[in-house]
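> Dropping a prediction and its sequence here:
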Amino acid sequence: MRRLEGKVAIVTGGGGGIGSAVARRIVQEGGKVAIADVFEESAKNAAEPLGDAALAVQFDAIDPASIEAMVNATVDHFGGLDILHNNAAMTDPEKHPQDTTPVDIPIEIWDEIIDINLRGYLLGCKYAIPHMLSRGGGSIINTASNSGVAGDLARVAYGASKGAIITLSKYVATQYGKQNIRCNSIAPGVVLTPALEATVPGLKEVIQRHILTPEFGVPDDIAALVAFLASDESRYITGENISISGGGLSHQPHYADLLDMMEKHLS
Ligand SMILES: NC(=O)c1ccc[n+]([C@@H]2O[C@H](COP(=O)([O-])OP(=O)(O)OC[C@H]3O[C@@H](n4cnc5c(N)ncnc54)[C@H](O)[C@@H]3O)[C@@H](O)[C@H]2O)c1
């Protein structure tokens, strides 16, 4: 399918597991893509196999001027902007474990996560939307998470940032819909990326009991959804939050316990 022929996209966090799969898919569908990441090397690694259709851009989502420069560099290079996939999230392995509970989280960790994950998405919209308007419209896809829809035992800042991304997306959809800019959020559950497999040993086994599909999702599954939301095939979908999580939040809370009980009863 070449649904994105002639379109220009930005993928933030484009050097990561999900972002690099999305960038690949955009190019497969005929689009051009700026792969924007705090780590220049990973942006370059993701861009290199895609040739002239991809541009690696280093930026830091905590810095408003850097976000503006990243959007402008994309427009200067490709001549416009039609698609923004806000997808970066704070990944610092030393800071992540400090995102715990309201009582224990250091306030500077809260601020940094909210600034990168949430304010960074707002600023992406702030600088991208005027360029989209000048082209007659566009599509924004913001990566939230199932952690923004239901509570969890840790990561209060991450969860709050992701919940707010869902609301931010509805405001953008409402405020720019009549000008042909659509905005949706996507909420992945566990997606098997190298980063996830490395950082949380044992998580897969615990969560496997609670998803409805036989297998976990992979970055290409997210890329397929983003490509659809970026394309005109989804032209009547805006302001939605679409969960992509193997039905992880679609069932009764006792689902896995009942399955265990039934298995024991039958054995
Ligand atoms: N993998 C999952 O299971 C999962 C589940 C739910 C939501 N998500 C979300 O999907 C998105 C992509 O995650 P992923 O799994 O590909 O992880 P990842 O760590 O592979 O990718 C995140 C990318 O963001 C970049 N980044 C971090 N801080 C940045 C900054 N300050 N400025 C610019 N870029 C920065 C990182 O360098 C990295 O390339 C994130 O928003 C994440 O919260 C992932």
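Yes, it's here.
> right, and the helix or strand after the lengthiest strand in the chain?
Scanning the chain for the strand with the most residues, using DSSP state E, yields strand 181-188. Per DSSP states H and E, strand 181-188 leads on to helix 194-199 as the next helix or strand towards the C-terminus.
> residues making contact with that next one?
Applying Cβ atoms under 8 Å, 6 or more residues apart in numbering, the external contacts of helix 194-199 come out as 16, 17, 91, 93, 96, 190, 203, 204. In this view, the C-beta of every residue, glycine as well, is placed from N, C-alpha and C.
> Buried by neighbour count, from these: which ones?
Among the contacts of helix 194-199, those classed as buried by 16 or more other Cβ atoms under 10 Å are 16, 17, 96, 190.
> In this structure the third one contacts residue 105, no?
Which is residue 96. No - applying Cβ atoms under 8 Å, one finds residue 96 not in contact with residue 105, separated by 11.3 Å.
> so what's the residue in the chain that the ligand sits nearest to closest to, chain neighbours aside?
The nearest approach of the chain to the ligand comes at residue 16, 2.1 Å away (Cβ to the nearest ligand atom). Residue nearest to residue 16 in three dimensions, not counting chain neighbours: residue 195, with 6.6 Å by Cβ to Cβ, 6 or more residues apart in numbering.
> next one: residue 88
residue 13 (3.4 Å).
> Please name the residues that touch the one you found.
19, 36, 37, 87, 88, 89, 143.
> ends of stretch 151-160, how far apart?
9 Å (Cα to Cα, to the nearest Å).
> Next, the contact list for the most centrally placed residue in the chain, please.
Against the mean C-alpha coordinate of the chain, by Cα atoms, centre = their mean, the closest residue is residue 143 at 2.5 Å. Neighbouring residues of residue 143 by Cβ under 8 Å, 6+ apart: 13, 18, 85, 86, 87, 89, 165, 185, 186, 188, 222.
> and the ligand, which of those reach it?
With Cβ under 6 Å from any ligand atom as the criterion, those include 13, 18, 87, 89, 188 near the ligand.
> Pairing partners for the last one in the sheet, please.
So that's residue 188. Beta-bridge pairing for residue 188 (DSSP bridges): residue 244.
> How many residues are close by it?
24 (other Cβ atoms under 10 Å).
> Stretch 59-71 near the ligand anywhere?
Yes - using Cβ under 6 Å from any ligand atom, stretch 59-71 reaches the ligand at 59, 60, 61, 62.
> What is the neighbour count of the second one?
Think residue 60. 16.
> would you say it is within a strand?
No - looking at residue 60 with DSSP: H, G, I helix; E, B strand; the rest coil, it is coil, so not inside a strand.
> pLDDT value on it, please?
pLDDT for residue 60: 98.
> these two touch, right, it and residue 38?
Yes - in this structure residue 60 lies within contact range of residue 38 using Cβ under 8 Å: 5.1 Å.
> and the helix or strand of the chain with the lowest mean pLDDT with the ligand, contact?
When each helix and strand of the chain is scored by mean pLDDT, DSSP states H and E, helix 194-199 comes last, with a mean of 76. Yes - using Cβ under 6 Å from any ligand atom, we find that helix 194-199 touches the ligand at 195, 196.
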